[in-house]
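Engineer: Need coordinates for the below:
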Amino acid sequence: MLFVGAFAPLPRHTRQAVAGRRRCVRLFNSFSGTQNDFLREKKAVAVSYITDLEGDKAYLERYVRVSKVLDFCPSTKDDDFPYEECITFSQDNGMMVFGGDLWDKGGFDLYVARQLLNLKKRFPNRVFFVMGNRDINKLRILQELGWEKQNNGKVPKHPGIIWFKGTGRVGDPNGTLPSDDPVERLDWILGKTMGSPDAFEHRKSELKWELQQEKASTPKTITDLDVVNSYRRSCHPDGEMGHFLANAHLALQIGPMLVLHGSLPLTDEVLAKNRTNGNGSSLWDDLSFCMPWIRPGESAAADHGVRTIQEWLDALNKFCHEQVHEWKNDIHRLETSIGVEPVIWSFQGGYSFGPPYGGLIQYGMGMTPDQKKNPTVVYNTFTPQGMPLEFDPDYDSKEMAQCTREFFDRARIQLILSGHKPQGDMPSPIRVDSSSWVLCCDTSYSGETIWIDNEEDRSNIGRGQALSFRGEHAVSEVLVHLSISDDDVSRLESVVYHGVLSDGRDYETVNLLEHVDDSTIGQVAPQNLVPSEIDSPHHGRWWTKSIFSDGSLLFHAGEGFKVWNYPSKQRSWNFSSSKSEDTK
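Structural biologist: Coordinates of the predicted model:
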């Protein structure tokens, strides 16, 4: 008999690997890198993780206020940090990881960037960043907008962008090209090509707010051109976004924990090729598919010496660091050249066209110029349809779940933290196997979460006056506790998340690692505890999202960007009515 929500049978070699992991009590060899130095120094650390801030000052401040690792303290104000308070650590063994997407929707991009950069500056071996797509695409700003001293502030000629070709929209290379007015150009870049229609006005409001904080005796008016020049400065290699990118990774591994902005690079095309190879090999035997920046025909192993998952993670970060360095050099070269126009990458796109850093811009995109899904860790997601359906044992295709389990085994990791795709008002777990988890943590649509509650009539308080979709109340902190032994073997001790839900109630979850055998957390919910598929708003299954510290449960369902919460007070698990008659 197969329980709904139970794991599908694992291949023998996978079962043996999992069993071995149990025998060593979830101990893993630690890997090199400065991100592991503090763990080695302290022997035990508490990592606070947050992702997809998107310039939301109010959310960042709520996050720090509820944090068990971070706090605010008085700051030393200067021109680079004009704020009364700065973030600090409340624990001497605390670390902080930001998972990417720094700007665009929350109204205070500069404030959020400066707070994180200031923390990184003071605690360089305790604070780490991962790049998101909204960070990488800012590499386009100067090449498409120009810089303050270029031709008296004029913008470069823009030939249009490839993904608008044939659409008839402004920016279609065969139609109306973008305006040469710098204000109109920036507004078009942000609103029409970066999914940030309010970013221009948000920056203008933030600049006004900064002036108010200065309390200058002579009032100054913020103009649209001030906004243009603010973006030119902040998206310069020497500006806030430049410093962020220079300090960020594409993949960050701390002991048995891996942080990605999106997910593993398992697109439908990649999985389809794996399905038809017919030779019984693993997808991860040849890592060329997840290094899309290498030349066609090149091999990850033969041409780049990349044969293992660890070597691939190192190659990812080497690629992004080299590309950011190329961007810095190219901008400084153009600044000192007279009459030289930048090459605009978006005209053709791809990994080989345009400036020497065009490969990283392409890596941050969801699609390639030939309209294929891009196999990247930045834009892919573990919940492409709003839920982790491909991890449902009854799902038609088993490749995603199988390949993910194999990745965990080969990488010797136990936890992936990711963002990018909204999950409602709290993180969503996916149970990969008996001791491994994915935790999807983008809560940027908290204010849109829909509650279905027949017991207490719980409901979302709403967005209120918030500039972003998060609303004014919801906040979540993910806390990961790690330890390391004297012989350099690291261990995942606990994974807990806590904060405030969209209905205004405080919450704290149990430790994921302590609920392996007695619950379906991170799996399909038992049918006797949730509405039937026909009575559900999405007409599908529910997922067990959390067991709270009081023993109550929360189930969720997703469809696109919609997320429904279904709470239950039941504190015991009765699977008797959850069994499937399927005897696979």
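Engineer: which stretches of this structure have low pLDDT?
Structural biologist: For the chain, the stretches flagged by pLDDT under 70 are 1-33, 150-152, 216-219, 276-279, 454, 515-518, 570-584.
Engineer: Parallel or antiparallel, list what pairs with the lengthiest strand in it.
Structural biologist: Taking DSSP state E as the criterion, the chain has its longest strand at strand 489-500. Strand 489-500 has its sheet partners listed here by DSSP bridges as strand 27-29 (antiparallel), strand 475-484 (antiparallel), strand 506-508 (antiparallel).
Engineer: Can you tell me the element residue 519 falls in?
Structural biologist: Using DSSP states H and E, no element contains residue 519; it sits outside every helix and strand.
Engineer: ok, now how distant is it from residue 393?
Structural biologist: Counting by CB to CB, to the nearest Å, the separation of residue 519 from residue 393 is 16 Å. Yep, even glycine has a C-beta here, placed from its N, CA and C like the rest.
Engineer: and what of residue 66?
Structural biologist: Going from residue 66 to residue 393 by CB to CB gives 36 Å.
Engineer: The two: who's more crowded?
Structural biologist: Shown here are residue 66 and residue 393; by other CB atoms under 10 Å, residue 393 has more neighbours (19 against 15).
Engineer: For the stretch 151-300 of the chain, just list every one of the helices.
Structural biologist: 182-188, 199-214, 224-234, 240-246, 268-276, 300-304 (DSSP state H, counting those that start in this stretch).
Engineer: looking at the ones you listed, which is buried most?
Structural biologist: Comparing those by mean neighbour count (mean count of other CB atoms under 10 Å), helix 240-246 comes out on top with a mean of 22.
Engineer: Which positions in stretch 158-176 come out as buried?
Structural biologist: Buried residues in stretch 158-176, counted by 16 or more other CB atoms under 10 Å: 158, 160-165, 169-173.
Engineer: repeat for stretch 43-63
Structural biologist: 45-63.
Engineer: repeat for stretch 402-422
Structural biologist: Residues of stretch 402-422 classed as buried: 402-422 (neighbour count, 16+ other CB under 10 Å).
Engineer: and it, C-alpha only, in PDB?
Structural biologist: In PDB, the C-alpha atoms belonging to stretch 402-422 read as follows (Å, rounded to 0.1, in the frame of the first residue of the first chain):
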ATOM      1  CA  GLN A 402      14.900  11.600  -8.900                       C
ATOM      2  CA  CYS A 403      17.500  14.000 -10.200                       C
ATOM      3  CA  THR A 404      17.100  16.200  -7.200                       C
ATOM      4  CA  ARG A 405      17.700  13.300  -4.800                       C
ATOM      5  CA  GLU A 406      20.800  12.300  -6.900                       C
ATOM      6  CA  PHE A 407      22.100  15.900  -6.600                       C
ATOM      7  CA  PHE A 408      21.800  15.900  -2.900                       C
ATOM      8  CA  ASP A 409      23.600  12.500  -2.600                       C
ATOM      9  CA  ARG A 410      26.500  13.600  -4.900                       C
ATOM     10  CA  ALA A 411      26.800  17.100  -3.400                       C
ATOM     11  CA  ARG A 412      26.700  15.600   0.100                       C
ATOM     12  CA  ILE A 413      24.300  18.300   1.200                       C
ATOM     13  CA  GLN A 414      21.200  18.100   3.300                       C
ATOM     14  CA  LEU A 415      19.400  21.400   2.700                       C
ATOM     15  CA  ILE A 416      18.900  23.800  -0.200                       C
ATOM     16  CA  LEU A 417      17.500  27.300   0.600                       C
ATOM     17  CA  SER A 418      16.000  29.100  -2.400                       C
ATOM     18  CA  GLY A 419      13.900  32.100  -3.300                       C
ATOM     19  CA  HIS A 420      12.700  33.700  -6.600                       C
ATOM     20  CA  LYS A 421       9.100  32.200  -6.700                       C
ATOM     21  CA  PRO A 422       6.600  33.500  -4.100                       C
END
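Engineer: For the remainder of this discussion, apply numbering that starts at 55.
Structural biologist: All right, first residue 55 from here; so that's stretch 456-476.
Engineer: any chance of the helices of the stretch 205-354 of the chain in CSV, with distance to residue 488 too?
Structural biologist: Below are these laid out as CSV (distance: least, CB to CB, whole Å):
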stretch, distance to residue 488
helix 236-242, 51
helix 253-268, 44
helix 278-288, 46
helix 294-300, 38
helix 322-330, 23
helix 354-358, 30
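Engineer: who's in contact with the closest residue to residue 327 other than its chain neighbours?
Structural biologist: The spatially closest residue to residue 327, leaving aside those adjacent along the chain, is residue 343, at 7.5 Å (CB to CB, 6 or more residues apart in numbering). Contacts for residue 343 were tallied using CB atoms under 8 Å, 6 or more residues apart in numbering; they are 319, 324, 327, 337, 429.
Engineer: do residue 336 as well
Structural biologist: Residues in contact with residue 336 (CB under 8 Å, 6+ apart) are residue 460.
Engineer: what's the distance between it and residue 459?
Structural biologist: Remark: distance between residue 336 and residue 459 (CB to CB) = 11 Å.
Engineer: Same check on residue 504?
Structural biologist: Note on residue 504: its distance to residue 459, by CB to CB, is 32 Å.
Engineer: cool, and residue 136?
Structural biologist: Taking CB to CB, one finds residue 136 at 49 Å from residue 459.
Engineer: How about residue 358?
Structural biologist: Here the distance between residue 358 and residue 459 works out to 26 Å (CB to CB).
Engineer: quick revisit: out of the helices of the stretch 205-354 of the chain, flag the one nearest residue 404.
Structural biologist: Nearest of the helices of the stretch 205-354 of the chain to residue 404, taken as CB to CB: helix 322-330 at 16.4 Å.
Engineer: tell me which strands and helices the closest one is in contact with?
Structural biologist: Applying 3 or more CB pairs under 8 Å, 6 or more residues apart in numbering; DSSP states H and E, we find helix 322-330 packed against helix 453-465.
Engineer: Starting from the helix it packs on, tell me the next helix or strand along the chain.
Structural biologist: strand 469-476.
Engineer: Run through the neighbouring helices and strands of the helix or strand following that following strand.
Structural biologist: Toward the C-terminus, strand 469-476 is succeeded by strand 482-487 as the next helix or strand (DSSP H and E). Packing partners of strand 482-487 (3+ CB pairs under 8 Å, 6+ apart): helix 453-465, strand 490-496, strand 597-601.
Engineer: now these in JSON lines, with distance to residue 293?
Structural biologist: What follows is these, written out as JSON lines (distance: least, CB to CB, whole Å):
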{"stretch": "helix 453-465", "distance to residue 293": "35"}
{"stretch": "strand 490-496", "distance to residue 293": "25"}
{"stretch": "strand 597-601", "distance to residue 293": "39"}
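Engineer: Point out the other helices and strands that the helix ranked longest in the chain packs with.
Structural biologist: Longest helix of the chain, by residue count under DSSP state H: helix 363-389. Judged by 3+ CB pairs under 8 Å, 6+ apart, the packing partners of helix 363-389 are helix 294-300, strand 302-303, strand 305-308, helix 354-358, helix 412-417, helix 453-465.
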